[in-house]
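Peer 1: okay, predicted coordinates and the sequence, questions at the end:
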Amino acid sequence: MKKLLLPLLLAAAAACSSAGKPIMIEDDRTVSRARAYSPAEEEARARERIKEIEARIARGDLPKIQFEFDKADILPESYATLDRIAEVILSSERLKLMIFAHTDSVGTAEYNLDLSRRRAKSVKSYLAIKGVPVPSMRFRGYGLSKPLDDNSTEEGRAKNRRVEFYVTTRGWNSVY
């Protein structure tokens, strides 16, 4: 009897899933609907997860996203952090991700703006390879225009070299 029941439960789960109704198999006897989140709830949950990743970076539990010196090539130690970002975005097809890259003040403003754009694009490309749909991502380089700290010290410059993420469920036209 058990062997017959499980395929029926799986068939019911597939039918609910294809009808757009989230389901969850609790055990081999019951099928229940999983809680469906509104777009606003999904956005809030994703933002919380991104904030947690950023907090782990700040504590040193995860590496910050780093690049080859004067290049847009992502360093391998950054992959674990980017993989976690990809997991967040892949958790819902409604999520969209904005990627913002920043530089320190070493070099000209024009050069740093271009470098930050290339780095943001590199992050987008990495996430696309990890399965994040390209249309769900946008990127922007800010160069040295939005420093977090004083650029006169190495510590301050290190804080200013960063990649930030913003999650939304809104349409791109309402974001820009």
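Peer 2: That came in fine, so what should we check first? Numbers count the residues shown, from 1 in each chain.

Peer 1: which SS state does M98 fall under?
Peer 2: For M98, the reduced secondary structure class is strand; criterion used: DSSP: H, G, I helix; E, B strand; the rest coil.

Peer 1: chain neighbours aside, what residue packs nearest to it?
Peer 2: Excluding the flanking residues, the one nearest M98 by C-beta to C-beta, 6 or more residues apart in numbering is Y166, at 4.2 Å. C-beta coordinates here come from the backbone N, C-alpha and C atoms, glycine included.

Peer 1: again with R161
Peer 2: According to C-beta to C-beta, 6+ apart, the nearest residue to R161 is D104 (5.2 Å).

Peer 1: check A101 too.
Peer 2: Closest residue to A101 apart from its sequence neighbours, by C-beta to C-beta, 6+ apart: A120 at 3.8 Å.

Peer 1: roughly how far does the one you found sit from I99?
Peer 2: Taking C-beta to C-beta, to the nearest Å as the measure, A120 falls 5 Å from I99.

Peer 1: hey, what's in contact with both of the two?
Peer 2: By the contact definition C-beta atoms under 8 Å, 6 or more residues apart in numbering, A120 and I99 are jointly contacted by 139-140, 163.

Peer 1: could you list the domains of the chain?
Peer 2: Here the domain assignment for the chain is 1-36, 37-175, based on automatic domain parsing.

Peer 1: which stretches in the protein count as strands?
Peer 2: Counting by DSSP state E, the segments of the chain that form strands are 23-25, 31-33, 96-102, 137-143, 162-168.

Peer 1: quick one: end-to-end length of stretch 137-151, please.
Peer 2: Its start and end residues considered, stretch 137-151 measures 30 Å (C-alpha to C-alpha, to the nearest Å).

Peer 1: quick one: mean pLDDT over that stretch.
Peer 2: In this model, stretch 137-151 carries a mean pLDDT of 95.

Peer 1: next one: stretch 111-130
Peer 2: Model confidence over stretch 111-130, given as mean pLDDT, is 98.

Peer 1: show me how far that stretch is from its chain's centre.
Peer 2: Computed by C-alpha atoms, centre = their mean, to the nearest Å, the separation of stretch 111-130 from the middle of its chain amounts to 13 Å.

Peer 1: which residues does that stretch contact?
Peer 2: 65, 67, 70, 72-74, 79, 82-83, 85-86, 89-90, 97, 99-107, 134, 137, 139-145, 163.

Peer 1: Produce a PyMOL select command limited to the buried residues of those residues.
Peer 2: In PyMOL, the members of the contacts of stretch 111-130 classed as buried (16 or more other C-beta atoms under 10 Å) are selected with the following command:
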select buried, resi 65+67+72+74+82+85+86+89+97+99+100+101+102+103+104+105+137+139+141+142+143+144+163
